[in-house]
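Chemist: Mind looking at a prediction? Sequence and model below.
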Amino acid sequence: MAENPKIRTPIVCVMGHVDHGKTSLLDRIRGSSVVSSEAGAITQHIGATIVPIEAIRTMSGSMGKVPINIPGLLFIDTPGHHAFTTLRARGGALADMAILVVDINQGFQPQTIEALQILRNCKTPFVIAATKIDRIHGWRVNENESFISSFNKQNERVKGDVENKTYEIVGKLSELDFSADRFDRVADFQRNLAIVPLSAHTGEGIPDLLLIMIGLAQRYMSDELKLLVEGPGAGTVLEVKEERGLGTTLDVILYDGTLAVGDEIAVATQVDVVVTKVRSLLKPRPMQEILTEDRFERVKSVAAAAGIKVTAPNLEGVIAGSPFFVIRGNRDEVTEKIKREMTEIHVNLAEEGIVIKADTIGALEALCKELESKEIGVMRAEVGPVSRLDLVETETIKNPAFRVLLSFNTPLLPDAAEIIKDPLYTQVKVFEGKVIYQLIDQYVEWRDEQKRLMEKQRFEHVVMPAKIRLLPDCVFRQSNPAVVGVRVLGGKLRSDVNLIKLDGKKVGHLKTMQLRQESIREADEGLEVAISIEGATVGRQVSVGDDLFVDIPERHVKVLEKEMLKTLNTSTQEVLAEFTAMRRKTDPFWGK
Ligand SMILES: Nc1nc2c(ncn2[C@@H]2O[C@H](COP(=O)(O)OP(=O)(O)OP(=O)(O)O)[C@@H](O)[C@H]2O)c(=O)[nH]1
């Protein structure tokens, strides 16, 4: 038995990219724990597997000599970050710790990064399981051995391969600001992530993984794991299931206190809180009794941490992820608490920002936190599918960059899907996705592109600096309008601008521009073009050989100097400097 029974079993969730081996790892851990325990020592659970400390000690042989006061580890059987974000306790993740599975041969994938972000935001301690080492070319299997012992038996090439692949993972993690190393080289587990190379198929490295998890829990989490065995049960609904002959049942992970038959309990439905009485508590039958009629074994009570099936009246409509509390004379307090947990997201909403919708409160919070870390404000965050009303409300957001709805893992209702097809109905931009960071990337890419387009439009209307010289023998018409040949000395000459002399005196309005009889809108430095000037007569306001500036309004100079300077070529920058120097001779603050 555990030396200190007051610490409860830490709850562990396995996460990682599709097909990287989450289920295989869980199966292996389950299988090995059955094999390593004395018959009957294993307690069966619903929706979860408890690996008792004795099993971990047996598996790890001499490695497991360290004093341990944690009763074991409880693995949630459903892997993935959806489970992680849906299963909540006290406004945070239900899982106390996590294992992030990374296929050592494939390295990081989109969902690996997403899981990392979720874990970082939830401040959940975790370990990296670098799986499938048995697939490394030339690997010699040493079934169920510790990683180090099996690694030392490999040839140099294989060793080098493992090292390189591990370093690739270290490198990727460092890009994401995590400091990590192979577990046996980590001195401070609070600062550095441990990477445990292992194989779910051969069991190599599994003892190391379990020991590291135990070590982490007992060194850094003892406070959080203090158990109130005597208190009323608190848990999270893992699944709502119809069972033959039993009706609607709840699979519950109890993380605190005790739960007994006859207890009054409170759980949430989509719209309300249900208070009901526990009819029975069920555990799966041990393997050897599987043939008996009843698939479940009835128990009178359970203490945390445990996975248990609960039957009771009125459970229809209860939702997975709901809080589960035993009521002991504090009914109102408990129902209020559940209502709060179901609706309250622990994030800061911004005054100006986008709208987000997600399938669960946990997912909503994860998305919100990630957006916050990227300094993207969220004005409204809600659980549920995207409705027409959501779009109508998003439409009222003034800033077009925020007139956006991110829909994470939740469907668009038909009426909403209908109107987003037609830009006449709604200008709301909707992004849908199942991977948080990809969803955010899509939005950011769109937003930056919109910004570029808007800037481009604005900049197109800015009068560009240019300096020109009237060429000799090129006066085609004296006046009304004057038509003359000019050379662009610098900058960018565009039509429809006012021309002035170098001392600021007005000349006239450059109306049109031609190059070899073709109308053009723009001429760069060095070009010789014919221009028409309204309001000027050659010989009066201007003469052949004169140099002229394009007159730039003061507020355009501000935009040019403050926002566009980097986009201007050297020649244009030089003309701008010359022009502003002329203006600032009489007014040093002109255009500033
Ligand atoms: N050789 C080898 N194959 C493995 C190992 N772990 C998993 N696999 C294989 O990899 C594939 C995917 O493994 P799963 O455990 O189903 O992966 P998963 O991450 O649970 O997949 P999803 O639930 O679809 O996200 C299966 O074909 C497994 O047999 C391992 O350690 N070694």
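Modeler: Perfect, thanks for sending it.

Chemist: which residue ranges form the strands in the stretch 1-150 of the chain?
Modeler: With DSSP state E, counting those that start in this stretch as the criterion, the stretch 1-150 of the chain has strands at 11-16, 48-52, 72-76, 88-89, 92-93, 97-103, 126-131.

Chemist: Parallel or antiparallel, which strands does the third one pair with?
Modeler: Using DSSP bridges, strand 72-76 pairs in its sheet with strand 11-16 (parallel), strand 48-52 (antiparallel).

Chemist: Name the residues of the lengthiest helix in the chain that are buried.
Modeler: The longest helix of the chain (DSSP state H) is helix 436-460. By neighbour count on 16 or more other CB atoms under 10 Å, the buried set for helix 436-460 is Ile436, Tyr437, Leu439, Ile440, Gln442, Tyr443, Arg447. All C-beta spots, glycine's among them, are computed from the backbone N, C-alpha and C.

Chemist: got a list of what the third one touches?
Modeler: Under the criterion of CB atoms under 8 Å, 6 or more residues apart in numbering, the contact list for Leu439 reads Leu367, Leu406, Phe408, Phe431, Glu432, Gly433.

Chemist: Repeat the analysis, applying 7 Å as the threshold.
Modeler: Leu406, Phe408, Phe431, Gly433 (CB atoms under 7 Å, 6 or more residues apart in numbering).

Chemist: Kindly report the same for the first one.
Modeler: Going by CB under 7 Å, 6+ apart, Ile436 touches Glu114, Gln117, Ala366, Leu367, Glu370, Phe408.

Chemist: Gly72 too?
Modeler: Thr9, Ile50, Val51, Pro52, Ile53.

Chemist: and with 8 Å instead?
Modeler: Going by CB under 8 Å, 6+ apart, the list of residues near Gly72 reads Ala2, Thr9, Ile50, Val51, Pro52, Ile53, Ala55, Ile56.

Chemist: What parts of the stretch 301-450 of the chain come near the ligand?
Modeler: With the criterion set to CB under 6 Å from any ligand atom, the stretch 301-450 of the chain never comes near the ligand.

Chemist: pLDDT weak spots in the stretch 301-450 of the chain?
Modeler: 346 (pLDDT under 70).

Chemist: Repeat the analysis, applying 80 as the threshold.
Modeler: Scanning the stretch 301-450 of the chain for pLDDT under 80 picks out 342-348, 422-426.

Chemist: likewise the chain?
Modeler: For the chain (pLDDT under 80), the answer is 1-7, 31-45, 59-69, 88-92, 220-230, 270-271, 284-295, 342-348, 422-426.

Chemist: Can you show me the helices along the chain?
Modeler: 22-36, 53-60, 81-86, 110-122, 147-152, 156-175, 206-220, 331-343, 361-373, 388-395, 414-420, 436-460, 554-559, 570-586.

Chemist: what's the spacing between stretch 354-372 and its chain's center?
Modeler: 9 Å (CA atoms, centre = their mean, to the nearest Å).

Chemist: Just the C-alphas of that stretch, formatted as PDB.
Modeler: Extracted C-alpha coordinates of stretch 354-372, given in PDB (Å, rounded to 0.1, in the frame of the first residue of the first chain):
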ATOM      1  CA  ILE A 354     -13.300  38.700 -32.800                       C
ATOM      2  CA  VAL A 355     -16.000  36.200 -31.900                       C
ATOM      3  CA  ILE A 356     -15.300  32.500 -31.200                       C
ATOM      4  CA  LYS A 357     -17.400  29.500 -30.900                       C
ATOM      5  CA  ALA A 358     -16.300  26.000 -29.800                       C
ATOM      6  CA  ASP A 359     -17.900  22.600 -28.900                       C
ATOM      7  CA  THR A 360     -16.900  22.600 -25.300                       C
ATOM      8  CA  ILE A 361     -16.000  25.100 -22.700                       C
ATOM      9  CA  GLY A 362     -12.500  23.700 -22.400                       C
ATOM     10  CA  ALA A 363     -11.900  24.000 -26.100                       C
ATOM     11  CA  LEU A 364     -13.200  27.500 -26.000                       C
ATOM     12  CA  GLU A 365     -10.800  28.400 -23.200                       C
ATOM     13  CA  ALA A 366      -7.900  26.800 -24.900                       C
ATOM     14  CA  LEU A 367      -8.600  28.700 -28.100                       C
ATOM     15  CA  CYS A 368      -9.100  31.900 -26.200                       C
ATOM     16  CA  LYS A 369      -5.900  31.600 -24.300                       C
ATOM     17  CA  GLU A 370      -3.900  30.900 -27.400                       C
ATOM     18  CA  LEU A 371      -5.400  34.000 -29.100                       C
ATOM     19  CA  GLU A 372      -4.600  36.100 -26.100                       C
END
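
Chemist: buried residues in stretch 584-592?
Modeler: Under 16+ other CB under 10 Å, the buried positions of stretch 584-592 are Gly591.

Chemist: Can you pull the residues of this structure lying near the ligand?
Modeler: 16, 18-24, 79, 131-132, 134-135, 199-201.

Chemist: give me phi/psi at the residue of the stretch 351-500 of the chain found nearest the ligand?
Modeler: Residue nearest to the ligand within the stretch 351-500 of the chain: Lys434 (12.5 Å; CB to the nearest ligand atom). Reported as degrees, to the nearest 10, the phi and psi values for Lys434 are phi -120, psi 0.

Chemist: So which bits of stretch 543-553 are buried?
Modeler: Asp546, Leu548, Phe549, Val550, Asp551, Ile552.

Chemist: Just name the closest of those to Met454, please.
Modeler: Ile552 (21.4 Å; CB to CB).

Chemist: isn't that closest one right up against Val559?
Modeler: No - the pair Ile552 / Val559 is not scored as a contact, 9.8 Å apart, by CB atoms under 8 Å.

Chemist: before we move on, the earlier item: name only those of the residues of the chain next to the ligand that count as buried.
Modeler: Applying 16+ other CB under 10 Å to these flags 16, 20-24, 79, 131-132, 134, 199-201 as buried.

Chemist: Next, give me the two most distant ones among those.
Modeler: Pro79 and Asp134 (20.0 Å).

Chemist: Tell me how far Phe408 lies from Lys369.
Modeler: Separation of Phe408 from Lys369 (CB to CB, to the nearest Å): 12 Å.

Chemist: check contacts around Gly233.
Modeler: Leu254, Asp256, Gly257, Thr258, Leu259, Asp263, Ile265, Val302, Ala304, Phe324, Phe325, Val326.

Chemist: Likewise for Ile327?
Modeler: Pro232, Asp263, Glu264, Ile265, Ala266, Val275, Val334.

Chemist: who does it bridge with?
Modeler: In beta-bridge terms (that is, DSSP bridges), Ile327 pairs with Glu264.

Chemist: so Val101 touches Asp19, yeah?
Modeler: No - Val101 is beyond contact range of Asp19, at 9.9 Å (criterion: CB under 8 Å).

Chemist: my read: Glu204 touches Leu198, true?
Modeler: Yes - contact status for Glu204 versus Leu198: in contact at 6.0 Å, counting by CB under 8 Å.

Chemist: Could you name every residue contacting both of the two?
Modeler: With CB under 8 Å, 6+ apart as the test, Glu204 and Leu198 both reach Ile133, Phe147.

Chemist: The two: who's more crowded?
Modeler: Set Glu204 next to Leu198 and count neighbours by other CB atoms under 10 Å: Leu198 wins out with 28 against 24.

Chemist: Just list the residues touching the residue lying closest to the more buried one once chain neighbours are set aside, thanks.
Modeler: Nearest residue to Leu198, sequence neighbours excluded (CB to CB, 6 or more residues apart in numbering): Gly205, at 2.7 Å. With contact taken as CB under 8 Å, 6+ apart, Gly205 is in contact with Ala129, Ile133, Ser146, Phe147, Ser150, Val196, Pro197, Leu198, Ser199.
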